[in-house]
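J.: Here you go, sequence then predicted model.
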Amino acid sequence: MKRYDPRLEYIEACAAKLVELEYSNDVVAHNRNLEDQINTDPDMMDLQPEIQWYMRPYLIDFLIDSHYSMRLQPETLFLAISILDRYCSVRVVFKKHYQLVGCTALWIAAKYEEKKSRIPQLKELCRLCCGAYEEDMFLQMERHVLSTLEWSIGLPTVESFLSPLLAAAQHTTSVVGHVARYLCELSLFHRCFLGYPPSTIATAAHAMAQYMLGHLSSLPSGLTCHQIQCINYFTSFIKTPSASLTKKYSKPAYGQAAIHVQNILTQQAQQQALAMPPTPPPVSMTMLTPPPPLSSGSGASSPYTPESPTNSDHLTPPHTPSSMAMNRAYAKVQAIDPRYAYPHLEMDIA
């Protein structure tokens, strides 16, 4: 197949960027109107007899790895997941066909977004699935997915709203775009994000990326409650990202976004540890110190030998018992054996 001249591709890309900047506001407004047609329903997906939510991360990992190996555009991945979710919202999918539906959705999205030379062939799809499905099965599933969705493929995705935000932002580095896409792809793994429109997720990811990288001193005040909820979800899930997602965004081609995020989280954890008050000693350590002796005037018994008050630093001998105490002690002994009470008397005991 004859390749295009690289110079023509560069001129075409520059012309496309100029057109996008000129009509960006109209494009965003049109995409917001199309958002209402996205019929992804997580409640209906809950009713799947065999597909469970714990299976979703494995399929998303597979699609991310496949998408990266074929060097496809970011929009292709988000469109593939959108097709997958819309199909699973209205059709029953068996567990043995779950990977087939996901791979077919990626194939349809590549046909819609990529140029002809980038579209994967059927033999490549069979190789990605390790020969689990034949080529005819991909063709049959493609027809079934398109008929189920009524051939409505080009609905807006998260990337459709994130790209204009990155293009319109001033003084924004490429790392912000990579971190924002990292957060957007993180949202593909979790059910809670399916209830929000793509524009909300894109705006929340962009604001959080700017804030994490220090481009904003605080989060924008104009965020809606739904966007703030998405940011809270990002804060929770960003601590345990997928291994495939971390591997992908640790590469220099993606600005090492995962490494930047991990460094930021480590710094925040260290700052929180320094700001915390010192930990008090455990109770077992405080019990090792003996309590001070009670004063003689309190009348309570003490295990310590009473000491006479003195002005010197030396301890004085114990108190000599009083005569009344001695008499009581001798009376008790005499009741037992008088010889022990008065040893100086010679008494005959019969």
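T.: Great, that's in hand. All values reported here derive from a predicted model rather than from experimental measurement. Numbers count the residues shown, from 1 in each chain.

J.: Okay, now the unreliable bits of the stretch 251-350 of the chain?
T.: Low-confidence regions of the stretch 251-350 of the chain, defined by pLDDT under 70, span residues 281-327, 329-350.

J.: let's go with 50 and repeat that
T.: Counting by pLDDT under 50, the stretch 251-350 of the chain shows low-confidence ranges at 298-300, 304-305, 307-308, 312, 314, 341, 344-345, 347-350.

J.: Same question for the chain.
T.: 298-300, 304-305, 307-308, 312, 314, 341, 344-345, 347-350.

J.: how's it carved up into domains?
T.: What automatic domain parsing lists as the domains of the chain is 37-148, 158-271.

J.: can you count the residues close to H144?
T.: When neighbours are counted by other Cβ atoms under 10 Å, H144 registers 14. Heads up, the C-betas are built off the backbone N, CA and C, glycines and all.

J.: show me what contacts it?
T.: When the contact criterion is Cβ atoms under 8 Å, 6 or more residues apart in numbering, the partners of H144 are R91.

J.: in the helix or strand harbouring N25, what counts as buried?
T.: For N25, the host element (DSSP states H and E) is helix 24-34. By neighbour count, and taking 16 or more other Cβ atoms under 10 Å as the criterion, the buried residues in helix 24-34 are 27-28, 31.

J.: just checking, next helix/strand downstream of that helix?
T.: Using DSSP H and E, the helix or strand that follows helix 24-34 towards the C-terminus is helix 42-45.

J.: so how far is that following helix from its chain's centroid?
T.: Centroid displacement of helix 42-45 relative to its chain, using Cα atoms, centre = their mean, to the nearest Å, is 23 Å.

J.: Go through the chain and flag its longest helix.
T.: Counting by DSSP state H, the longest helix found in the chain is helix 257-275.

J.: returning to what we had before: quick one: closest of the domains of the chain to R328.
T.: With Cβ to Cβ as the criterion, R328 lies closest to domain 158-271 of those, at 69.6 Å.

J.: what about that closest one, start to end distance?
T.: Across its full length, domain 158-271 reaches 33 Å end to end, with Cα to Cα, to the nearest Å as the criterion.

J.: Give me the phi and psi for L219.
T.: The phi and psi torsions at L219 (degrees, to the nearest 10) take the values phi -70, psi 150.

J.: so it makes contact with I231?
T.: Yes. With contact taken as Cβ atoms under 8 Å, L219 and I231 are classed as touching, separated by 7.1 Å.

J.: any idea which helix or strand carries L155?
T.: Secondary structure (DSSP H and E) places L155 outside all helices and strands.

J.: For the stretch 101-250 of the chain, which segments count as helices?
T.: For the stretch 101-250 of the chain, the helices defined by DSSP state H, counting those that start in this stretch occupy 122-128, 135-148, 158-168, 174-186, 198-212, 225-237, 243-248.

J.: Which among these is found nearest to L100?
T.: Checked against Cβ to Cβ, the stretch from the helices of the stretch 101-250 of the chain lying closest is helix 135-148, at 5.6 Å.

J.: mind listing what's buried in the closest one?
T.: By neighbour count on 16+ other Cβ under 10 Å, the buried set for helix 135-148 is 137-138, 141, 145-146.

J.: tell me how far it is from the chain's mean position?
T.: With Cα atoms, centre = their mean as the basis, the distance from the averaged C-alpha position of helix 135-148 to the chain average is 36 Å.

J.: how about the CA coordinates for that helix, as PDB?
T.: Taking only C-alpha atoms (Å, rounded to 0.1, in the frame of the first residue of the first chain), the coordinates of helix 135-148 have been written out as PDB:
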ATOM      1  CA  GLU A 135     -12.700 -14.500  12.000                       C
ATOM      2  CA  ASP A 136     -16.400 -15.200  11.200                       C
ATOM      3  CA  MET A 137     -17.300 -14.600  14.900                       C
ATOM      4  CA  PHE A 138     -15.900 -11.000  14.700                       C
ATOM      5  CA  LEU A 139     -17.900 -10.300  11.600                       C
ATOM      6  CA  GLN A 140     -21.100 -11.700  13.100                       C
ATOM      7  CA  MET A 141     -20.600  -9.700  16.300                       C
ATOM      8  CA  GLU A 142     -19.900  -6.500  14.400                       C
ATOM      9  CA  ARG A 143     -23.200  -6.800  12.500                       C
ATOM     10  CA  HIS A 144     -25.000  -7.500  15.800                       C
ATOM     11  CA  VAL A 145     -23.500  -4.600  17.700                       C
ATOM     12  CA  LEU A 146     -24.200  -2.100  14.800                       C
ATOM     13  CA  SER A 147     -27.800  -3.200  14.500                       C
ATOM     14  CA  THR A 148     -28.300  -3.100  18.300                       C
END
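
J.: Please name the residues that touch the residue nearest in space to the middle of the chain.
T.: Central residue of the chain (Cα atoms, centre = their mean): F237, 2.1 Å from the mean position. By Cβ under 8 Å, 6+ apart, the residues touching F237 are 186, 189-190.

J.: And the helix or strand where E9 lies, what does it pack against?
T.: Assigned by DSSP H and E, E9 belongs to helix 6-22. Using 3 or more Cβ pairs under 8 Å, 6 or more residues apart in numbering; DSSP states H and E as the contact criterion, the elements in contact with helix 6-22 are helix 158-168.

J.: Which strands and helices lie in contact with the helix it packs on?
T.: Counting contacts by 3+ Cβ pairs under 8 Å, 6+ apart, helix 158-168 packs against helix 6-22, helix 24-34, helix 74-88, helix 174-186, helix 198-212.
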